[in-house]
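> only the shape, not the letters, is given here:
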């Protein structure tokens, strides 16, 4: 099967500093904007239309939940795909704590939770992360389409015209 990536998408990355370089490599080809604080993230979201948001658990002194809530309260971003990532800083967390984070971010309506430690920082591992991001963009974060029997997902360009 041939892999067809989505069109270039504007992605906001609100991640801890140690994840920036890797995510910029993973997201090469997309229009990536990186922010350092919740306030900066909200300014960017208010100024520009983003097709996806990626937030790390330890973003801006662990204000990830604040940012997730603020994004979902913003009328333009109620349904934009959001992915939460966890990285090397998770070594201090137990598996139960990580499972709790997974459930909590999904309860906050994030579309996915990704522990980057399960993806080697090499060509293959980063390609796997890229395909997950691309998939969320292509389905507009609508993971429920799987539960509906894989109904046809709206074409990406058509979705943009409707927005």
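Yep, that arrived. Since the structure is predicted, the reported quantities are computational estimates derived from the model, not experimental observations.
> tell me the secondary structure for the most centrally placed residue in the chain?
Geometric centre of the chain, nearest residue: residue 83, 2.5 Å, by Cα atoms, centre = their mean. At residue 83 the chain is in strand, as set by DSSP: H, G, I helix; E, B strand; the rest coil.
> spit out the contact partners of it.
52, 53, 54, 55, 110, 111, 112, 113, 114, 132, 133, 136 (Cβ atoms under 8 Å, 6 or more residues apart in numbering). Yep, even glycine has a C-beta here, placed from its N, CA and C like the rest.
> one more time with 7 Å, if that's ok
By Cβ atoms under 7 Å, 6 or more residues apart in numbering, the contact set of residue 83 is 54, 110, 111, 112, 114, 133, 136.
> can you check residue 85 too?
Counting by Cβ under 7 Å, 6+ apart, residue 85 has contacts 15, 19, 54, 56, 114, 116.
> just to revisit the earlier point, hey, what's the residue nearest to the centre of the chain bridged with?
Counting by DSSP bridges, residue 83 is bridged to residue 54, residue 112.
> if I look at it, how far off is residue 7?
Using Cβ to Cβ, to the nearest Å, residue 83 is found at 18 Å from residue 7.
> residue 130 now?
According to Cβ to Cβ, residue 130 stands 14 Å off from residue 7.
> swap in residue 17?
For residue 17, the distance to residue 7 equals 29 Å [Cβ to Cβ].
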